[in-house]
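Peer 1: Fold the stuff below for me.
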Amino acid sequence: MNLNRYTEKAQEAILGAQQAAERNGHPEVLPEHLFVTLAGQRDGIVPAVLGKMNVDAAGVGHDIQQVLDKLPRAHGGAQPGLSSRLRKVLTTAEQEAERLKDEYTSTEHLLVAIVAEG
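Peer 2: Numbering: from 1, shown residues only. Purely as a prediction, here's the structure:
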């Protein structure tokens, strides 16, 4: 993963996901952390896309945050690493950007990859 090949909003989302995992004491950054961050981005494309699909981004983000709140917590100050599931999502997003001949991996690519991950 080369963050220089991600849009500013995508970089912010990945950083936000890492910070959310750390704040919650989670040992790994999961696709769910990334989705909650994407869904909550002000002026982001993901809430707009979800809205066009008649999906309440804030509501879904809240529901996923409740799932994250139930995950086990680790104590000891270690920075959370990327989970294998999230690494797969990032790889899929990068492949989607390449397939579409986009220069940068964007939040839209991340959303498609999260949805594909299931």
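
Peer 1: give me every residue that touches the residue lying farthest from the centre of the chain.
Peer 2: Distance from the C-alpha centroid of the chain peaks at Gly76, with 24.3 Å (Cα atoms, centre = their mean). Under the criterion of Cβ atoms under 8 Å, 6 or more residues apart in numbering, the contact list for Gly76 is empty. Just so you know, the C-beta spots here come from the backbone N, C-alpha and C atoms, and that holds for glycine as well.

Peer 1: All further residue positions should be reported with the first residue as 44.
Peer 2: In the new numbering, first residue 44, that becomes Gly119.

Peer 1: Is it within a helix or a strand, and which one?
Peer 2: Element membership of Gly119 [criterion: DSSP states H and E] is none; it lies in no helix or strand.

Peer 1: what about the spatially most central residue of the chain, which helix or strand?
Peer 2: In the chain, the C-alpha nearest the mean C-alpha coordinate belongs to Leu77, at 1.9 Å (Cα atoms, centre = their mean). Per DSSP H and E: Leu77 is located in helix 74-82.

Peer 1: could I have that helix exported to CSV, CA atoms only?
Peer 2: The C-alpha coordinates for helix 74-82 follow below in CSV (Å, rounded to 0.1, in the frame of the first residue of the first chain):
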residue,chain,number,x,y,z
PRO,A,74,-12.8,-2.8,7.5
GLU,A,75,-15.5,-1.8,9.9
HIS,A,76,-13.3,1.0,11.3
LEU,A,77,-12.7,2.2,7.8
PHE,A,78,-16.4,2.1,6.9
VAL,A,79,-17.5,4.1,10.0
THR,A,80,-14.8,6.7,9.2
LEU,A,81,-15.9,6.9,5.5
ALA,A,82,-19.6,7.1,6.4
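
Peer 1: Gly87 against Thr50, yeah?
Peer 2: No - in this structure, Gly87 is not within contact of Thr50 by Cβ atoms under 8 Å, at 10.5 Å.
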